[in-house]
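Asker: Coordinates for the following, if possible.
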Amino acid sequence: MTQFMTLSEAIATQVNDGDSLALEGFTHLIPFAAGHEIIRQQRKSLTLTRMTPDVIYDQLVGAGCVKKLVFSWGGNPGVGSLHRVRDAIEHAYPCPIETVEHSHAAMANAYEAGAAGLPMALFRGYVGSELPQANDDIAWVTCPFTGEELSAVPAIKPDVGIIHAQKADRAGNVLIEGIVGVQKEVVLASKRSIVTVEEIVDSLEATPNACVLPAWTIDVVAVVEGGAHPSYAHGYYPRDNNYYKQWDAISRDRDSFNQWLESHVFAKGDA
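Answerer: Sure, this is the predicted structure:
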């Protein structure tokens, strides 16, 4: 059964040092509050997976929580680079970090494979690409029916999948509306799952094409109003564009970043 907890309880009980985590959300519903709680609880040696690692992964890397990053595109969307990730890769600050780069297509297929309980994903996306030269996790399989050579990547099966959604009902069913990325696949592929939501309601009223995750797929639900800020939550609040612009200056310098951690994460206390 789905358990209802505070965010601090959810991270304390579900996320361990050395775990593999996927915090997903596509342009909106990015679980920033959960990421900040992971930093507050000072989890270490995490492997982070994300199709488009942006500011929240920059913050987790800069806080020294991460040993490995599995990703496709990465950056501060609409602004520029992830300076804390760059510092970790180029100068091992605050600790060394290993990177595994994929394409969006590979990541999406790998999540689908994980959700389906398969060991790998097969697709055509890397045929003719140079990325296999830089990624040992890309292999080749010959189709037994056509003889076609296909690229193969390991399924993504995180220890913990974390997403943000608009609402959950009192039974633990979760509603996601608006742009949907791979949130459903992350929850299904992960050993444990945490969903932060804007509110708990008596019943879910799903609009066409909305995604409803049944309670049996979810381990923990935590109510966190504004839990996706500075990204947006469709129907609740808009994207905070100034936050992303300001982050560029904050993250360029180690001292300003560490000051930001103290004032905006550690000083906030438990969520």
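
Asker: count of neighbours near residue 148?
Answerer: Neighbourhood size, residue 148 [other Cβ atoms under 10 Å]: 11. Where C-beta positions appear, they are placed from N, C-alpha and C, glycine not excepted.

Asker: how close does it sit to residue 124?
Answerer: Distance from residue 148 to residue 124, counting by Cβ to Cβ, to the nearest Å: 8 Å.

Asker: distance of residue 232 from residue 114?
Answerer: 27 Å.

Asker: Which one's more surrounded, those two?
Answerer: Taking neighbours as other Cβ under 10 Å, residue 232 and residue 114 compare with residue 114 leading, 26 against 20.

Asker: Could you list the low-confidence segments of the protein?
Answerer: Applying pLDDT under 70 to the chain flags the ranges 269-271.

Asker: Just the terminal-to-terminal distance for stretch 184-193.
Answerer: The first residue of stretch 184-193 is 11 Å away from its last residue (Cα to Cα, to the nearest Å).

Asker: mind checking which helix or strand residue 244 is in?
Answerer: Here residue 244 sits within helix 241-252, counting by DSSP states H and E.

Asker: what does residue 73 give?
Answerer: With DSSP H and E as the test, residue 73 turns up in no helix or strand.

Asker: tell me the phi and psi of it?
Answerer: Backbone dihedrals for residue 73, given as degrees, to the nearest 10, come out at phi -70, psi 150.

Asker: Can you get me a residue count around the residue nearest to it when sequence neighbours are not counted?
Answerer: Computed as Cβ to Cβ, 6 or more residues apart in numbering, the closest residue to residue 73 that is not its neighbour in sequence is residue 52, at 5.2 Å. For residue 52, the neighbour count with other Cβ under 10 Å is 19.

Asker: Residue 52 touches residue 72, doesn't it?
Answerer: Yes. Residue 52 sits in contact with residue 72 when judged by Cβ atoms under 8 Å, with a separation of 6.6 Å.

Asker: what is in contact with the two at once?
Answerer: Taking Cβ atoms under 8 Å, 6 or more residues apart in numbering as the criterion, residue 52 and residue 72 both touch residue 104.

Asker: got the residue ranges for the helices in the protein?
Answerer: 7-14, 32-40, 55-62, 83-91, 104-115, 183-189, 241-252, 254-264 (DSSP state H).

Asker: out of the ones you listed, nearest to residue 219?
Answerer: Checking those against residue 219 by Cβ to Cβ gives helix 7-14 as the closest, at 6.6 Å.

Asker: ok and the closest one relative to helix 32-40, angle-wise?
Answerer: Computed by axes from the mean of the first three to the mean of the last three Cα atoms, to 10 degrees, the angle separating helix 7-14 from helix 32-40 equals 60 degrees.

Asker: show me what contacts residue 66?
Answerer: Residues near residue 66 by Cβ under 8 Å, 6+ apart: 46, 47, 48, 57, 60, 88, 95, 97.

Asker: Could you do residue 94 as well?
Answerer: By Cβ under 8 Å, 6+ apart, the neighbours of residue 94 are 62, 63, 64, 88.

Asker: tally of neighbours for the nearest residue to the last one once chain neighbours are set aside?
Answerer: Closest residue in space to residue 88, ignoring its immediate chain neighbours: residue 97 at 4.2 Å, by Cβ to Cβ, 6+ apart. The burial metric for residue 97, expressed as a neighbour count using other Cβ under 10 Å, is 19.

Asker: In this structure residue 97 contacts residue 67, no?
Answerer: Yes. The criterion here is Cβ under 8 Å, and residue 97 meets it with residue 67 at 6.4 Å.
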